[in-house]
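In: Prediction below, plus the sequence it came from.
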Amino acid sequence: MVVNEGLRLHSAVPLFFHEAMKDCVVDDFHIQKGSRIIINCYAIHRDPNVWPDPDNGSSVCFRGRDFQLLPFGSGRRSCPGMQLGVTIVRLMVAQLVHCFEWELPNGIQPCDLDID
């Protein structure tokens, strides 16, 4: 979930550029063949119409199957380095969890912590 949220809120490429391969209509907008399209993933990943609470987590997969979360693109044109990027991020999170001395502030006991 940490990796999912990190990739949703801070994707490596906030804008994707594509070219329309044929005439089409998207949300009542006519797009001609050959038009260059800019997809604003930064806005999609924070859209309150897509995410009920954009500041909190979700279980949506980042691999491009769910179009509300596209940190690596989708389909044939998805990022070829996706697996390497995810592996590096997971290693960094694992190093943070392993190497830091984590403690609760102000002497709070673990049984007093509200995790809801």
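Out: Yep, it's here. Numbering: from 1, shown residues only.

In: This structure: helices as residue ranges?
Out: Here the chain has its helices, by DSSP state H, at 2-9, 41-44, 82-99.

In: what's next to the second one, contact-wise?
Out: It refers to helix 41-44. Ser11, Val13, Pro14, Leu15, Phe16, Val50, Gln68, Leu70, Pro71 (Cβ atoms under 8 Å, 6 or more residues apart in numbering). Bear in mind the C-beta positions are built from the backbone N, C-alpha and C, glycine included.

In: Confidence-wise, which of the residues you listed comes last?
Out: For the contacts of helix 41-44, the weakest pLDDT value sits at Gln68, with 64.

In: For the helix or strand of the chain with the lowest mean pLDDT, which helices and strands make contact with it?
Out: Least confident element among the helices and strands of the chain, by mean pLDDT, DSSP states H and E: helix 2-9 (a mean of 79). With contacts taken as 3 or more Cβ pairs under 8 Å, 6 or more residues apart in numbering; DSSP states H and E, helix 2-9 sits against helix 82-99.

In: now the helix it packs on: how far from the chain's centre is it?
Out: Distance of helix 82-99 from its chain centroid, counting by Cα atoms, centre = their mean, to the nearest Å, is 15 Å.

In: what's the answer for stretch 13-20, then?
Out: Between the centre of stretch 13-20 and the centre of its host chain there is 15 Å, according to Cα atoms, centre = their mean.

In: Buried residues in it, which are they?
Out: Within stretch 13-20, the residues scored as buried using 16 or more other Cβ atoms under 10 Å are Phe16.

In: what's next to that stretch, contact-wise?
Out: For stretch 13-20, the surrounding residues in contact (Cβ under 8 Å, 6+ apart) are 31-42, 70-71, 73, 77, 79.
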